[in-house]
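>>> Quick one, fold the following:
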Amino acid sequence: MRHRSHKITLDRKSPARKALLTNLVESLILYEKMVTTKAKARATRSLVERLITKAKTNTLATRRELLATLFTKNAVNKLLEELGPRYKERAGGYTRVVLMNKRKGDGAEEALIEFV
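As a prediction, this is how the structure comes out:
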C-alpha cells in the first residue's frame, strides 16, 4: 500500500528523473524563465527554491553543495553572485508558475515558470 508516500515521478526511473530535473533547474537558473509542462514546472519549483535558499550564504561549503547538485559552474556562479543576493531579504516563494494553453500535439498542459 502507498499510504502517504508522495513522490513526483514524472513517469521515469530515478536516474532519468534526476537528470531531467537537474537540466530543468539549470535552464531556469541560466535563462530565468522557461515553458514546460505543468507537472515538470511543479517538480522544478521545489528544487530551485531549495537551491536559492542555500545560495543566500556565499561560502565555500555552499558552493561545493551546489556543484554536487548542478552540472555546470555557470549555473552555480549565477546562483551565488546574482540570484542569492537578489532574494536575500525574501523568505521564500522565489518562482511563479503561470498556466498556459494546452500543447497542440499531445494536449499536455503547458506552464511558464519564472523568477518573481
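
>>> average model confidence for the helix or strand harbouring Arg50?
Per DSSP states H and E, Arg50 falls inside helix 38-55. The pLDDT scores in helix 38-55 average 96.

>>> Off-centre distance for it?
Distance, stretch centre to chain centre, for helix 38-55: 3 Å (CA atoms, centre = their mean, to the nearest Å).

>>> This structure: strands as residue ranges?
Assigned by DSSP state E, the strands in the chain fall at 33-37, 95-102, 109-115.

>>> Switch those strands over to CSV; also include mean neighbour count and distance to Lys18.
For the C-beta atoms, the positions are set from N, CA and C on the backbone; glycine is no exception. As requested, the strands of the chain are exported to CSV (neighbours: other CB atoms under 10 Å; distance: least, CB to CB, whole Å):
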stretch, mean neighbour count, distance to Lys18
strand 33-37, 15, 16
strand 95-102, 13, 20
strand 109-115, 17, 18
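
>>> Mind putting those strands into CSV with distance to Ala19?
As requested, the strands of the chain are exported to CSV (distance: least, CB to CB, whole Å):
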stretch, distance to Ala19
strand 33-37, 15
strand 95-102, 21
strand 109-115, 18
